[in-house]
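J.: Sequence and computational prediction follow.
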Amino acid sequence: MKKITLLFTLLLIGVSSLYTKSSYAQTSVSQVPWTDTTFTEYNRWYIGGAFGVYQFYGDLAEHTYFPGTGKKGKFNWMFDIQGGREFNQRFGIRSNFTMGKMFSERADNWFEADVRDLSLDFTVNMTNLVAPYMYNKKWNATLYVGAGFFGYHSISYDLNDNITNYVGYDAQGNKDKMKITSCFNVGMDFAYRISNHLDVYLEIGVQNTPVDNLDSKIVTLSELDNYSHVALGVHYTFGKLEEAYKWNPKPDYMRSIEEKIVDMGNNIEETEKCCQENKIDPCDTSTVDDDNDKVPNCRDLELLSPKGSIVNFQGIAIMYPDSVTGEPIIARNAQPRNQGNDYPQNNLNGGGNNGTPTKPNTNGTGNNRKPMRGAPAIFFSPVFFEFDKTVVDSTGEFNIINVALYMKMYPESRILISGNTDKHGTNPYNDDLSTRRCEKIKNILIKDYGIEGSRLETQPNGEEFLLFPRDHANRRVDFSVIQ
């Protein structure tokens, strides 16, 4: 039994040591990559002291449950001192020394014993093990298992106080050499944190001994003598750091993430404050408009837009690439010339493939040209979509800009937006998908380019018009001039 107990204890301590080295290496070297923190050390060492009572279980134990009994005004008591080290949040080790007096009686005999217990215990912080994501706890429960050496003097008396048996005494009742043997300990302590360095705890433990004469009496075929204790004490965790492992402090990477979140919150608050300080007050379109772009100064982010330019809802001139040189040029409204017959400065390439506005042809006098009246019916490039998507890519955005430019040049024009899908999916789903694609394009024209919603109509077709063998070509939105 003695060898098995010692072997089991050494095995537990060895496993905990290996786990500690592994966890320390993982924490200090393999830190979370998106943080720039280094491993933070915590307080590990502690000492403690407790006072309580013994309960004896043996041949002379009449009361098998705490608190037991005393004799002749004497009572069971014990005092415990301990010191330990936490390997990490879960495991640790401690040395423990206990001493006290034990009294009990049964039938016509009673005994008293002086007890000493020195052990090395392996500790498991159960709250940190079961609830590892509860940080900076105020309480915890710790299991301990250990083995050590047990020493005792014991003497028993009859009802007339005559010595009947003794261990570690002589026949006259004088103390002799203490009996030393091994023991096995197991128990729990429940601690409550008062401060970063101080906590109170309640400990309940059982000591198993390999002897049957702790009560000084050996009874044939009886069970071995054992005893337990209940004690209330105080732990002091020493060190210069603010936190201890036993209370499960937050890991370094979590602290770093929290700091970054706080910084992000501060940046957002500063941004909101800046936006409020520089907020453009809402106003009516009848207010001052210095550059005559139909966007009042109070909402105009470009107060001096080029004369006649087409602007978005923020008053910023819209740029588009020249069809020949590719250089960005400013889109302008159709305006009559001051000399000769009127004709628009910017025309639309009615025979082109994409309807991109082009530079006016300035060759000739233009005497045979007549003012353009009404909006010409032209072809606009469709906006294509990925499978089951309503996201508009950069090419689609350019095609939408062309539609917006056309509608800016011809304020009386109206456009029909037709949504289509491929053959995959059910009819109700494709009808809904084509509706969402139409609304997506319509919202872009209204919100980004200031086109009035009354000038836009939508027609979701679903998979009704499968005009092309390739699915990609059928996933599109078409534009048609209806006025």
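T.: On my side now, so go ahead.

J.: Strands along the stretch 1-150 of the chain, start to end?
T.: Remark: strands assigned in the stretch 1-150 of the chain by DSSP state E, counting those that start in this stretch are 45-57, 77-86, 91-106, 109-125, 139-158.

J.: Now tabulate those in JSON lines and tack on mean neighbour count.
T.: Heads up, the C-betas are built off the backbone N, CA and C, glycines and all. Conversion of the strands of the stretch 1-150 of the chain to JSON lines gives the following (neighbours: other Cβ atoms under 10 Å):
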{"stretch": "strand 45-57", "mean neighbour count": "20"}
{"stretch": "strand 77-86", "mean neighbour count": "18"}
{"stretch": "strand 91-106", "mean neighbour count": "21"}
{"stretch": "strand 109-125", "mean neighbour count": "21"}
{"stretch": "strand 139-158", "mean neighbour count": "20"}
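
J.: Reformat these as a markdown table; add mean pLDDT and distance to E269.
T.: Below are the strands of the stretch 1-150 of the chain laid out as a markdown table (pLDDT from 0 to 100; distance: least, Cβ to Cβ, whole Å):
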| stretch | mean pLDDT | distance to E269 |
| --- | --- | --- |
| strand 45-57 | 92 | 42 |
| strand 77-86 | 94 | 39 |
| strand 91-106 | 90 | 43 |
| strand 109-125 | 92 | 39 |
| strand 139-158 | 93 | 36 |
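
J.: possible to save these as CSV with distance to Y253?
T.: CSV is the format used below for the strands of the stretch 1-150 of the chain (distance: least, Cβ to Cβ, whole Å):
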stretch, distance to Y253
strand 45-57, 25
strand 77-86, 20
strand 91-106, 21
strand 109-125, 21
strand 139-158, 23
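
J.: Near E463, how many other residues are there?
T.: Using other Cβ atoms under 10 Å, E463 has 20 neighbouring residues.

J.: correction: L301
T.: Look at L301: counted by other Cβ under 10 Å, it has 13 neighbours.

J.: Now do it against N312, distance only.
T.: Per Cβ to Cβ, to the nearest Å, L301 is found 9 Å from N312.

J.: Name the next helix or strand downstream of the helix or strand hosting H235, please.
T.: H235 is part of strand 226-237 when elements are defined by DSSP states H and E. As assigned by DSSP H and E, the chain's next helix or strand after strand 226-237 is helix 252-277.

J.: residues in contact with D290?
T.: Contact partners of D290, counting by Cβ atoms under 8 Å, 6 or more residues apart in numbering, are N297, L303, L304.

J.: Let me know how buried the first one is, in neighbour terms.
T.: It refers to N297. 14.

J.: same deal with the last one?
T.: Neighbour count for L304, taken as other Cβ under 10 Å: 11.

J.: In terms of helix, strand or coil, where does it fall?
T.: coil (DSSP: H, G, I helix; E, B strand; the rest coil).

J.: ok, it touching D293?
T.: No. Contact criterion Cβ atoms under 8 Å: L304 and D293 do not qualify, at 9.7 Å.

J.: So for the residue nearest to N43 when sequence neighbours are not counted, what's the pLDDT?
T.: Distances taken as Cβ to Cβ, 6 or more residues apart in numbering place G239 nearest to N43, at 3.5 Å, with adjacent residues excluded. For G239, the pLDDT comes out at 85.

J.: repeat for D342
T.: 37.

J.: Equivalent analysis for the one 3 residues further on, please.
T.: At Q345 the predicted local confidence, pLDDT, stands at 37.

J.: How about N292?
T.: pLDDT recorded at N292 is 78.

J.: burial count for it?
T.: N292: 9 surrounding residues under other Cβ under 10 Å.

J.: Just want the phi and psi numbers for it.
T.: Phi and psi for N292, reported as degrees, to the nearest 10, are phi 50, psi 40.

J.: Contact partners for it?
T.: Counting by Cβ under 8 Å, 6+ apart, N292 touches K307.

J.: One more pass at 10 Å, please.
T.: Neighbour list for N292: S305, K307, G308 [criterion: Cβ atoms under 10 Å, 6 or more residues apart in numbering].

J.: Mind giving me the PyMOL command for buried ones among those residues?
T.: Those of the contacts of N292 that count as buried under 16 or more other Cβ atoms under 10 Å are selected in PyMOL with:
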select buried, resi 305+308
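
J.: can I get the contacts of N292 in CSV with distance to F379 and pLDDT?
T.: Below are the contacts of N292 laid out as CSV (distance: Cβ to Cβ, whole Å; pLDDT from 0 to 100):
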residue, distance to F379, pLDDT
S305, 29, 79
K307, 30, 77
G308, 25, 70
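
J.: Return stretch 416-435 as PDB; C-alpha atoms alone will do.
T.: Provided in PDB are the C-alpha atoms of stretch 416-435 (Å, rounded to 0.1, in the frame of the first residue of the first chain):
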ATOM      1  CA  LEU A 416     -37.100  50.800 -67.700                       C
ATOM      2  CA  ILE A 417     -34.800  48.500 -65.600                       C
ATOM      3  CA  SER A 418     -35.400  44.900 -66.500                       C
ATOM      4  CA  GLY A 419     -34.000  42.100 -64.300                       C
ATOM      5  CA  ASN A 420     -33.200  38.600 -65.500                       C
ATOM      6  CA  THR A 421     -31.900  35.300 -64.200                       C
ATOM      7  CA  ASP A 422     -30.500  32.000 -65.500                       C
ATOM      8  CA  LYS A 423     -32.500  28.800 -65.600                       C
ATOM      9  CA  HIS A 424     -31.300  27.500 -62.300                       C
ATOM     10  CA  GLY A 425     -33.600  27.600 -59.300                       C
ATOM     11  CA  THR A 426     -37.400  27.700 -58.900                       C
ATOM     12  CA  ASN A 427     -39.600  30.200 -60.700                       C
ATOM     13  CA  PRO A 428     -40.600  32.000 -57.400                       C
ATOM     14  CA  TYR A 429     -37.000  32.200 -56.300                       C
ATOM     15  CA  ASN A 430     -35.800  33.600 -59.700                       C
ATOM     16  CA  ASP A 431     -38.600  36.100 -59.700                       C
ATOM     17  CA  ASP A 432     -37.500  37.400 -56.300                       C
ATOM     18  CA  LEU A 433     -33.800  37.400 -57.400                       C
ATOM     19  CA  SER A 434     -34.600  39.500 -60.500                       C
ATOM     20  CA  THR A 435     -36.600  41.900 -58.300                       C
END
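
J.: State the mean pLDDT of it.
T.: For stretch 416-435, mean pLDDT rounds to 90.

J.: same check, this time on stretch 185-199
T.: In this model, stretch 185-199 has a mean pLDDT of 94.

J.: Give the buried residues for it.
T.: For stretch 185-199, a neighbour-count test (16+ other Cβ under 10 Å) marks N185, G187, D189, A191, R193, H197, D199 as buried.

J.: so what sits against both of L304 and D293?
T.: Taking Cβ under 10 Å, 6+ apart as the contact rule, L304 and D293 both touch G315, A317.

J.: okay, now the domains of this protein?
T.: Domain assignment for the chain, taken from automatic domain parsing, gives 2-9+38-248, 319-481.

J.: To E258, which of those lies closest?
T.: For E258, the closest of these is domain 2-9+38-248, at 10.9 Å, according to Cβ to Cβ.

J.: Figure out how far the closest one is from the centre of its chain.
T.: The chain centre lies 41 Å from the centre of domain 2-9+38-248; the measure is Cα atoms, centre = their mean, to the nearest Å.

J.: So, low pLDDT: which residues of the stretch 301-450 of the chain?
T.: Residue ranges of the stretch 301-450 of the chain with pLDDT under 70: 313-314, 319-375.

J.: before we move on, back to that, test my guess that the residue nearest to N43 contacts N196.
T.: Yes. The pair G239 / N196 is scored as a contact, 9.4 Å apart, by Cβ atoms under 10 Å.

J.: Thank you kindly, that will do.
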